[in-house]
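>>> Next input, structure requested:
(one chain, ligands or ions: 1)
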Amino acid sequence: MKRKPFVAGNWKMHNDLGAARELMGGLRGNLPKPLNVDVAVCTPFTLLYPMGKEIDGTDIKLGAQNCHFEPKGAFTGEISAQMLAAAGCTYVIIGHSERRHVFGETGDMLRKKVVAAQECGLHVIYCIGELLEEREANRTEQVVESQLQEALSPDLRTDLLTLAYEPVWAIGTGKTATPDQAQAVHAFVRAKLSGFFGQETAQQLRIQYGGSVKPGNAKTLFECPDVDGGLVGGACLVAEDFVAIISAAQESA
Ligand code: PEP
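Below you'll find the model as predicted:
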């Protein structure tokens, strides 16, 4: 039996308030009914409160794209996990490739962020994935394993954890991993998760695929036995496309 799919939209640094409201309007009324997929929108920090109101009474949950690991203090420009929980977030993305590769976040920082987020009751979407040169050098498994090792440990709350496998070469590029490529890494990640949390829990943990998921490729990716939905960037900014991706997840369950 497959796990309940989970589709999260990563808005990145997009949308002003007007565009965000319009997007949420297009989502709210058009989701499959009944909805058998967990759905989240991970908005920029400034949109969390107003989008929290927009999703009120719906099955859509709110998420953020990053947090700091300290609860408060002299950290100019940062937002704590506590602040996100108070703003109504259920989820937070940690370790997105843009945080790792553009902002230089290290394994040590990511580990602290995962712990801090869970301590505030936030569900962590922990991202892993290899660069193109790492794939070409046959180092994909080595890279994702070390990304798991740097942030995960058996004492984490697995009820507040989702993995997202996002090959960096597929993010925002229009190139997607083939279902076979995605499945192979997801199965590898699940086997490694057994080492941290035991086999039964590893079978229950969801592993999203991310990297140019679109309405046209979502279903074949989500049908892979170890792919449990997606983390969606570009396509989540168009209500019709995001709804189609959620529907594909629902059909693949
Ligand atoms: C992402 O931002 O996590 C992502 C997968 O982006 P895209 O879908 O645009 O590749």
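>>> And the strands in this structure?
With strands called from DSSP state E, the chain shows them at 6-10, 38-42, 60-64, 91-94, 123-128, 161-165, 206-210, 229-232.
>>> now for the first one, which elements pack on it?
I take that to be strand 6-10. Judged by 3 or more C-beta pairs under 8 Å, 6 or more residues apart in numbering; DSSP states H and E, strand 6-10 is in contact with strand 38-42, strand 91-94, strand 206-210, strand 229-232, helix 239-252. From N, CA and C alone the C-beta is placed, and that goes for glycine too.
>>> Can you say which of those is packed in most?
Ranked by mean neighbour count, the helices and strands packed on strand 6-10 are led by strand 229-232 with a mean of 29 (mean count of other C-beta atoms under 10 Å).
>>> Okay, now the sheet partners of that strand, with direction.
Applying DSSP bridges to the sheet, strand 229-232 is found paired with strand 6-10 (parallel), strand 206-210 (parallel).
>>> rewinding a little: could the strands of the chain go into TSV alongside distance to L148 and mean pLDDT?
Compiled in TSV, the strands of the chain are given as follows (distance: least, C-beta to C-beta, whole Å; pLDDT from 0 to 100):
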stretch	distance to L148	mean pLDDT
strand 6-10	18	98
strand 38-42	21	98
strand 60-64	21	98
strand 91-94	13	98
strand 123-128	6	98
strand 161-165	8	98
strand 206-210	11	98
strand 229-232	16	98
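>>> Now render these as CSV, adding distance to the ligand.
As requested, the strands of the chain are arranged in CSV below (distance: least, C-beta to the nearest ligand atom, whole Å):
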stretch, distance to the ligand
strand 6-10, 4
strand 38-42, 9
strand 60-64, 12
strand 91-94, 8
strand 123-128, 7
strand 161-165, 7
strand 206-210, 4
strand 229-232, 5
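>>> any chance of the ones you listed in a markdown table, with distance to G18 too?
What follows is the strands of the chain, written out as a markdown table (distance: least, C-beta to C-beta, whole Å):
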| stretch | distance to G18 |
| --- | --- |
| strand 6-10 | 18 |
| strand 38-42 | 16 |
| strand 60-64 | 19 |
| strand 91-94 | 24 |
| strand 123-128 | 27 |
| strand 161-165 | 29 |
| strand 206-210 | 27 |
| strand 229-232 | 22 |
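>>> For A20, find the nearest of those strands.
A20 lies closest, by C-beta to C-beta, to one member of the strands of the chain: strand 38-42, at 8.9 Å.
>>> other SSEs contacting that closest one?
Strand 38-42 sits against strand 6-10, strand 60-64, strand 91-94, with contacts defined as 3+ C-beta pairs under 8 Å, 6+ apart.
>>> Do I have it right that N217 meets K175?
No - assessed by C-beta atoms under 8 Å, N217 is found out of contact with K175, at 10.7 Å.
>>> Spit out the contact partners of L231.
For L231, the contact set (C-beta atoms under 8 Å, 6 or more residues apart in numbering) comprises 8, 10, 93, 125, 127, 164, 166, 208-210, 213.
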